[in-house]
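In: Attaching a predicted model along with its sequence, questions to come.
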Amino acid sequence: MSLHAPELDLTQCDREPIHLLGGVQPHGVLLAFREPGLSVEVVSANAESLLGLPPEALRGQPITRVLDADSLQRVRTGTAAGPVRVTAGGRACSALLHLSDGLTVLELEPLTEDDAKAEEDALAAMHRLVSPLALARGTSSLLQSAADAVRALIGFDRIMVYRFHADWHGEVVAESRADGVDSFMGLHFPASDIPVQARALYTRNPLRLIADVDARPVPMVPPTLPDTRRPLDLSGAALRSVSEVHLEYLRNMHVRASFSVSLLKDGALWGLIACHHHSPRHVPAARRQACEVLARLLTLQLGAEERGAEAAERARRADLQSRLVTRLGECPSLPVALEEHGALLLELTGATGAALLLGDLLEARANPDEEADEVPLLFGRTPGEAEVRALAAWLAKDSGMGTVFHTEHLGARYAPLAASPDVAAGLLAVRLDSEAPRFVLWFRPEVARTVTWAGNPRKPAEPEPGHARLHPRASFDAWREEVRGTSAPWTREDMDAAESFRGALTGVVLRHAAELSRLSRALARSNAELESFSGTVGHDLKEPLRGIQQYTAFFLEDHGDSLDAEGREHLQAVGWLARRAQAMLDDLFELSRLGRIELAWGEADMQEVVDEALRTLSVRLEERHVEVRLPRRLPRVACDAVRIRQVWANLVSNAAKYQAGEPHWVELGYFGPGEPRPGAADRAGASYVFYVRDPGIGIAAQFHEAIFEMFRRLHPAHAFGGGSGAGLAIALRLVRLHGGELWVDSAPGQGSTFYFTLGRGPR
Amino acid sequence: MTEPPRPLLLVEDSDADAVALERIARRLPMSLPLVRVRDGESALEYLYQLGDYADAARPALVLLDLHMPGMGGREVLSRLKADPSLRRIPIIIFSSSTEPRDVEGAYADGANCYLFKPEPGEQLEAAARALQSFWLSAARLPGAEDPRA
């Protein structure tokens, strides 16, 4: 609880045997008799005033001397429903019957002229009471209607509906009062005002009338029962006299008559309808009974309202959760999904911030480059990453939490966040993994508010020197307390939503994890297969091709002269085909390796890279009489120089290959940052665009994409030097590994220009 | 009784490559006889003079293919280099693999030289010539007599 637990319930107060005070209030007479002989054993000392016979004359006599057998029978059957009107000692009385200490206790209260009307009034009053209750919408208007109805029925100065909080301190939540009477609305009363045994009595016996605070209690005759040697237990008696402490409390409040009706919800004490009057006032039994019925109706209605509100709230949370979980499940990456639907996550528990610590499970996807150190996902207003991590560590180790933890005053439990009540005064946490510090945390900010106590809750009672008995405090001046560092309380619904989300999230996380591990197993398997395929291609398939080439060469060497021209050509073709197949295997092998290589980024002088590439091609370029044109020195850039050299080599050898008319040339160049670029050369965001241009045969637009596909050739195998069709596919893949692009601008007969960019460098 | 001549041991599973080398060896002024075994196991049997190879002469040089069925060239290499009595024999890896990790690995295991098997035809002859001129005439091999003596 956020409110102070006052230093209350002074044990002395709790122990006062208020049900054994052994007296009754003087507005009625009590007699206790033993079944089955009906002989009277205990009588209140004021019996003569009502019955005309002193206690001594009644003791040992059958109760039928007071109440005839017929009336007694009616009381027996009627009392369960309320007081029964009888004639006793020649006067109209209301009679109540109950059992106590093995005796049957009869309570008689004389009816006055006015009181006699009460029974007739009661039914009409019930109508009046129930109608506004049925119309009232919402708990507070319901309570207000009840307070008004009770005042209409019993006419006291002030009717309060008093609600117990979880710590048993009470708050006045509705009030109906006569003109000129002070308001107690909104005041909080410490739990010690209604001690444990008083609450027990309120639960057992819902009606309590103190008709006159100053009336002297009437003793019982005899004062103790012979068999128990204790006073008769009067806890079930309407007439039971009152503890002096309570009377003093009432006097201090200037209350002369008090009436209370317990509000019991599902058998537990929910609150009280507490009524005060500034002069002595008797409430006829029938009206008291009507109030009790009203209280029952009220709590039924309260229960229905609360259950309705709870059901609506639960439905709302369930809807939020199902939306959230559906979206989390749909999205391939949990962190991304959570990022997108963070608002739902907050709404789920009515929080202003949330943090998820899901462990390396998700880290693998979210931040593959990060160390294993947990990075919490944060939404809304939360403490910083490091603070959240530290909080999680505390929750995991030192908070003693189970699966759920909540507090409205985190600063009091966990000092490091005491200075951040604006983001984390309230914490609701669910634990996802009992082994690791994985949590979902919801935060609420401080709500500064003022609680008004009816008196200082830290000083509920003043011990009086020399006296064992306690005196209740004398001052009821409102004592205001500002409550700081606490958030709005987490409700049952908040906690249920959190726990239920925990289950759902665990399911989603597990599903994602299973999917991840399935994918990574599949990937590992296909990598291994690819590896072994590459090995096969790279070696085992090449060997037979080498063999074919060798043996055809041997055969030509040894027997070429004895073959005719056609025979020699056929053998040469076999060798050529084998060479060609081997070259394609080499390219395929090379391409498959590109999926696995890591780029070695560094700063490279592109001029040197190009010079190196040209050196490796020099023989071929000279053979074909290709002139290399370099309009200007190339710049220094970040790239993997070895791979980019391969790109240049592929592009230049391609350009050299597909030339028909003379002269043959290849131009290598670039467009730098801010330099004008022809439309075809432009790529947004690329600071350098490199190019290789030739005056060759050109490529029709419809093939501008296809030429980059593996083994896609536009010309017969023997034409233009017989490439395998892998060079451009490899170049494209290398450029893309750099984060760049490779494209062509060309038209048939117009030559071709291949452009490439390098991306943004290592990330 | 004279020592049997110290041969060049060729460990090669590809008949085509072996035949090609043998053809070239016949044309070159090879001072050493060429002995061929087909796999790693046989190479070790030869070197340790086991089974059929009880009388085998210790080779002056080993030309070792890397990728062979069964025991691979790398394993043969590391076994020989781990044996003090054999590790002085120069081992030339002769492989069609251009994978950097094969090259690096072979040197790490103690190979004395790594040669790419060239394309069939004339290039092979050029490689064989280079091998002959460096390893069989320029280089001084361990345990051999001084050819100038």
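Out: Arrived safely, thanks for sending.

In: Could you confirm whether the longest helix along chain B reaches chain A?
Out: Criterion DSSP state H: the longest helix present in chain B is helix B:15-27. Yes - against chain A, helix B:15-27 shows contacts by Cβ under 8 Å from any Cβ of the partner chain at B:15-17, B:19-20, B:23. The way it works is simple: take the backbone N, C-alpha and C, and place the C-beta from them, glycine included.

In: Point me to the residue of chain A nearest chain B.
Out: Ranked by Cβ to the nearest Cβ, the top residue of chain A for proximity to chain B is residue A:547, at 3.4 Å.

In: tell me which parts of chain A are close to chain B?
Out: Residues of chain A found near chain B (Cβ under 8 Å from any Cβ) are A:538-540, A:542-543, A:546-551, A:553-554, A:575, A:579.

In: hmm, back to that, let me see the contact set for the residue of chain A closest to chain B.
Out: B:14-17 (Cβ atoms under 8 Å, 6 or more residues apart in numbering or on different chains).

In: Counting neighbours, which of the residues of helix B:15-27 next to chain A comes out on top?
Out: residue B:20 (25 neighbours; other Cβ atoms under 10 Å in any protein chain shown).

In: Confirm for me that that residue is in contact with residue B:123.
Out: No - counting by Cβ atoms under 8 Å, residue B:123 is not a contact partner of residue B:20; they are 10.8 Å apart.

In: returning to what we had before: pull the most distant pair out of the residues of chain A next to chain B.
Out: Across the residues of chain A next to chain B, the longest distance by Cβ to Cβ is 24.8 Å; it joins A:538 and A:554.

In: More neighbours: which of these two?
Out: Counted by other Cβ under 10 Å, residue A:538 and residue A:554 do not tie: residue A:538 has more neighbours, with 22 against 15.

In: Residue of chain B closest to chain A, please.
Out: Taking Cβ to the nearest Cβ, chain B has residue B:16 as its residue nearest chain A, at 3.4 Å.

In: between the residues of helix B:15-27 next to chain A, which is closest to residue A:50?
Out: For the residues of helix B:15-27 next to chain A, the nearest to residue A:50 is residue B:17 (132.1 Å; Cβ to Cβ).

In: which residues sit in contact with the closest one?
Out: Contacts for residue B:17 (Cβ under 8 Å, 6+ apart) come out as A:546-547, A:550, B:65, B:117.

In: pLDDT score for residue 108?
Out: All of this refers to chain A. Residue A:108 carries a pLDDT value of 92.

In: sorry, should have said chain B
Out: Note on residue B:108: pLDDT of 93.

In: what about it, how many residues close to it?
Out: Number of residues near residue B:108 (other Cβ under 10 Å) recorded here: 12.

In: now swap in residue A:694 and tell me
Out: If you count neighbours by other Cβ under 10 Å, residue A:694 ends up with 24.

In: who in chain B is up against chain A?
Out: So chain B meets chain A at B:14-17, B:19-20, B:23, B:67, B:96-97, B:99, B:117, B:119-121 (Cβ under 8 Å from any Cβ).

In: Just give me the least confident of the residues you listed.
Out: Across these, no position has a lower pLDDT than residue B:121, which has 68.

In: All the helices of chain B, residue numbers only.
Out: For chain B, helices defined by DSSP H occupy the ranges B:15-27, B:40-47, B:73-82, B:100-108, B:122-131.

In: least reliable of those helices going by mean pLDDT?
Out: helix B:122-131 (a mean of 81).

In: which of the residues in that one are buried?
Out: For helix B:122-131, the neighbour count (16 or more other Cβ atoms under 10 Å in any protein chain shown) marks B:124-125, B:127-128, B:131 as buried.

In: what does stretch A:565-575 give?
Out: Residues of stretch A:565-575 classed as buried: A:571, A:574-575 (neighbour count, 16+ other Cβ under 10 Å).

In: Not counting sequence-adjacent ones, nearest residue to residue A:484?
Out: Once flanking residues are discounted, residue A:484 sits nearest to residue A:448: 5.8 Å by Cβ to Cβ, 6 or more residues apart in numbering or on different chains.

In: So for the one you found, what's the pLDDT?
Out: Looking at residue A:448, the pLDDT reads 70.

In: give me the number of residues near it?
Out: For residue A:448, the count of nearby residues is 12 (other Cβ under 10 Å).

In: and what of residue A:727?
Out: 21.

In: One more: residue A:208?
Out: For residue A:208, the neighbour count with other Cβ under 10 Å is 21.

In: Just the element for it, please.
Out: Following DSSP states H and E, one finds residue A:208 within strand A:207-210.

In: can I get the CA coordinates of the helix or strand just after that strand in PDB?
Out: From strand A:207-210 onward toward the C-terminus, using DSSP H and E, the following helix or strand is strand A:218-221. Extracted C-alpha coordinates of strand A:218-221, given in PDB (Å, rounded to 0.1, in the frame of the first residue of the first chain):
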ATOM      1  CA  VAL A 218     -28.200  -2.000  32.400                       C
ATOM      2  CA  PRO A 219     -26.500  -4.900  34.200                       C
ATOM      3  CA  MET A 220     -27.600  -8.500  33.900                       C
ATOM      4  CA  VAL A 221     -29.000 -10.600  36.700                       C
END
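
In: quick one: the nearest residue to residue A:99 once chain neighbours are set aside and residue A:86, what's the gap?
Out: Nearest residue to residue A:99, sequence neighbours excluded (Cβ to Cβ, 6+ apart): residue A:105, at 7.0 Å. As judged by Cβ to Cβ, to the nearest Å, residue A:105 and residue A:86 stand 15 Å apart.

In: Residue B:19 is in contact with residue A:550, isn't it?
Out: Yes - between residue B:19 and residue A:550 there is a contact under Cβ under 8 Å: 6.8 Å.

In: re the thing from before, wait, is the residue of chain A closest to chain B part of a strand?
Out: No - counting by DSSP: H, G, I helix; E, B strand; the rest coil, one finds residue A:547 to be helix, located in no strand.

In: Have a look at chain A and report its longest helix.
Out: Max-length helix for chain A by DSSP H is helix A:285-330.

In: looking only at pLDDT, what's the mean for that one?
Out: On average, helix A:285-330 scores 84.
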